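Trainee: From the sequence below, what's the structure:
(one chain, ligands or ions: 3)
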Amino acid sequence: MVETSKLVAMVESAEGGGRLAAKGGEADGGVGGADESVVFLDLWRQTKIPAPFVWPRADVLLSSSSAAREEELDVPTVDLGAALRGADGMCHAAVQVAAACASHGFFQVIGHGVAPALARAALDGAAGFFRLPLATKQRARRAPGTVTGYTTAHADRFVANLPWKETLSFSHRHQAGSGGNNVADYFASTLGNEFKPLGDVYQAYCEAMEEVSLAIMAVLGESLGLGSGYYREFFADSSSIMRCNYYPACPEPERTLGTGPHCDPSALTVLLQDGDVDGLQVLVGGSWRPVRPKPGALVVNIGDTFMALTNGRYKSCMHRAVVHRERERRSLAFFLCPREDRVVRPPGAGAGVERRLYPDFTWADLMSFTQRHYRADTRTLDAFACWLRPPACSGAAPPPSSSPPTATPTV
Ligand SMILES: C=C1C[C@]23C[C@H]1CC[C@H]2[C@]1(C)CCC[C@@](C)(C(=O)O)[C@H]1[C@@H]3C(=O)O
Ligand SMILES: O=C(O)CCC(=O)C(=O)O
Ligand SMILES: [Fe+2]
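Mentor: Numbering: from 1, shown residues only. Ligands and ions are numbered 1, 2, ... in the order given. So this is what the prediction gives:
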């Protein structure tokens, strides 16, 4: 469970601690009663934020209020429908994404074919879920070492730099043919049968996101001169993660973050922001630049795994989410990931034409690194490469907290 008593104790003692410091004994105890909901509602309603939520000044610098004055990041708007319909559209889209991915890795897509009613149902479903009593949400609490489930402020994993958010994450595995119901089944089995209709919404939403992601992969493949099928095939049996984020209004937004500075470890992220509340910011040229919600558009960014697949040509860029004093915010993030055992390696690797920036790895290893050994941040990929192959570590990354997998892939 989220150990409310521990969080409250931390809040009372008001001392942070190390950045990583996953806490022991995460899964002890059962789900509390209605009083726990009150505790968390009270947390979100305090007039000052508790010490474990206070982030280092360097991370929150130029936070919400000043970043609001920053110029919005110029991200291209890619018409995915036009790209799939014909060569001209594809060519234009490929040029757009090539430019964006070589600099910051962010762009947005329209013409993606996701029914507005489905997007609305997924956003409203998240809003409804996070309004539930804590005890109900806790039925889906995250199990230690896994990425799926419900967490409040990641308080079950970390003792400092807690994010001002609640999240619900679940995996979506590609299923050949129709009739697969992995997401719907997850909702029914963890939260109860009454959540099956909500599960059906997310089943449909994840399938739509998978289709959008594969269409983007076609454009990315074209943009790299590999053809539209190359990455589509690589991700055809993907094993992705869907995450609903809820950022409550915050009394001291300039001292905390909803999601701290990080690069996504996954391959590609497709983000839907709810309403007109901004929060996503990307670090470009030394300043945090907002990417404001645009009606009907999805924000896409390259993750570490895709950066490794292109040997660093396409960038996984640092970003974060800020919170607001008066307004709550919701977002839905679909993280496209390869099948767990697929080896991530750039095309042509081994031909010796280009120096490899990252060793071969599997998504299973990178995922377990972020869930068991390292809190995903701005240097995840370098730290992971160092963990996999310690001699390759130049000292830029922090020391690994435990041993790498025994079957270390070779370059
Ligand atoms: C493999 C993963 C690690 C995170 C969940 C999935 C995909 C994205 C990662 C994350 C969202 C990046 C920001 C930091 C993080 C700790 C978070 O704030 O939620 C990351 C996820 C995680 O480890 O839970
Ligand atoms: O909520 C957002 O806008 C971004 C969240 C994010 O970056 C993430 O979940 O990886
Ligand atoms: Fe992210």
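
Trainee: can you pull the buried residues of the biggest helix by length in the chain?
Mentor: Selection of the longest helix in the chain by residue count, based on DSSP state H, yields helix 196-223. If you call a residue buried by 16 or more other C-beta atoms under 10 Å, then helix 196-223 has these buried ones: 196, 198-210, 212-223. All C-beta atoms are positioned from the backbone trio N, CA, C, and that covers glycine.

Trainee: what's the burial count for residue 131?
Mentor: Neighbour count of residue 131, defined by other C-beta atoms under 10 Å: 10.

Trainee: for residue 77, same thing?
Mentor: The burial metric for residue 77, expressed as a neighbour count using other C-beta under 10 Å, is 12.

Trainee: cool, and residue 355?
Mentor: The number of residues packed around residue 355, counting by other C-beta under 10 Å, is 7.

Trainee: Residue in the stretch 151-300 of the chain with the shortest distance to ligand 1?
Mentor: Of all residues in the stretch 151-300 of the chain, residue 262 sits closest to ligand 1, with a separation of 3.8 Å (C-beta to the nearest ligand atom).

Trainee: give me every residue that touches that residue.
Mentor: Each residue near residue 262 by C-beta atoms under 8 Å, 6 or more residues apart in numbering is listed here: 318, 319, 320, 376, 377, 378, 380.

Trainee: who's in contact with stretch 187-200?
Mentor: Contacts of stretch 187-200 (C-beta under 8 Å, 6+ apart): 125, 128-129, 136, 139-140, 149, 170, 181, 183-186, 202.

Trainee: For it, output the C-alpha coordinates as PDB.
Mentor: Extracted as PDB, the C-alpha positions of stretch 187-200 are listed here (Å, rounded to 0.1, in the frame of the first residue of the first chain):
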ATOM      1  CA  PHE A 187      -9.400  -3.000 -14.600                       C
ATOM      2  CA  ALA A 188     -11.800  -5.800 -13.700                       C
ATOM      3  CA  SER A 189      -9.300  -7.900 -11.900                       C
ATOM      4  CA  THR A 190      -7.600  -5.200  -9.900                       C
ATOM      5  CA  LEU A 191     -10.500  -2.700  -9.200                       C
ATOM      6  CA  GLY A 192     -13.500  -5.000  -9.500                       C
ATOM      7  CA  ASN A 193     -16.100  -5.900 -12.100                       C
ATOM      8  CA  GLU A 194     -17.800  -2.600 -11.800                       C
ATOM      9  CA  PHE A 195     -14.700  -1.000 -13.400                       C
ATOM     10  CA  LYS A 196     -15.000  -3.200 -16.600                       C
ATOM     11  CA  PRO A 197     -16.700  -0.400 -18.600                       C
ATOM     12  CA  LEU A 198     -13.800   2.000 -17.700                       C
ATOM     13  CA  GLY A 199     -11.400  -0.800 -18.700                       C
ATOM     14  CA  ASP A 200     -13.200  -1.100 -22.000                       C
END
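
Trainee: Show me what the residue of the stretch 151-300 of the chain closest to ligand 1 bridges to in the sheet.
Mentor: residue 319 (DSSP bridges).

Trainee: State the distance from it to residue 274.
Mentor: Applying C-beta to C-beta, to the nearest Å, the value for residue 262 to residue 274 is 21 Å.

Trainee: Can you report how many residues neighbour residue 292?
Mentor: Look at residue 292: counted by other C-beta under 10 Å, it has 14 neighbours.

Trainee: Does it lie in a helix or a strand, and which?
Mentor: Take DSSP states H and E as the rule and residue 292 turns out to sit in neither a helix nor a strand.

Trainee: So the closest residue to it other than its chain neighbours, which state does it fall into?
Mentor: On the basis of C-beta to C-beta, 6 or more residues apart in numbering, the spatially nearest residue to residue 292 that is not a chain neighbour turns out to be residue 278, at 4.5 Å. In the three-state summary, residue 278 is assigned as coil, counting by DSSP: H, G, I helix; E, B strand; the rest coil.

Trainee: give the contact list for residue 278.
Mentor: With C-beta under 8 Å, 6+ apart, residue 278 has these contacts: 68, 290, 291, 292, 293.

Trainee: Looking at the residues you listed, which one is closest to ligand 2?
Mentor: When the contacts of residue 278 are ranked by distance to ligand 2 (C-beta to the nearest ligand atom), residue 291 comes first, at 8.0 Å.

Trainee: show me what contacts that closest one?
Mentor: For residue 291, the residues meeting the contact criterion (C-beta under 8 Å, 6+ apart) are 72, 73, 75, 106, 108, 278, 280, 281, 282, 299.

Trainee: Any chance of the backbone angles for it?
Mentor: phi -120, psi 100 (degrees, to the nearest 10).

Trainee: Identify the bridge partners of the nearest residue to it once chain neighbours are set aside.
Mentor: The spatial neighbour of residue 291 that comes closest, neighbours along the chain excluded (C-beta to C-beta, 6+ apart), is residue 280 at 4.8 Å. Beta-bridge pairing for residue 280 (DSSP bridges): residue 321.

Trainee: isn't there a helix covering residue 175?
Mentor: No. Counting by three-state DSSP, residue 175 falls outside a helix, being coil.

Trainee: excluding its backbone neighbours, what's nearest it?
Mentor: residue 182 (6.7 Å).

Trainee: What is the burial count for that neighbour?
Mentor: Each residue near residue 182 was counted by other C-beta under 10 Å, and the total is 15.

Trainee: who are the neighbours in contact with it?
Mentor: The contact partners of residue 182, taken as C-beta under 8 Å, 6+ apart, are 171, 172, 173, 175, 203.

Trainee: Cool, thanks, signing off.
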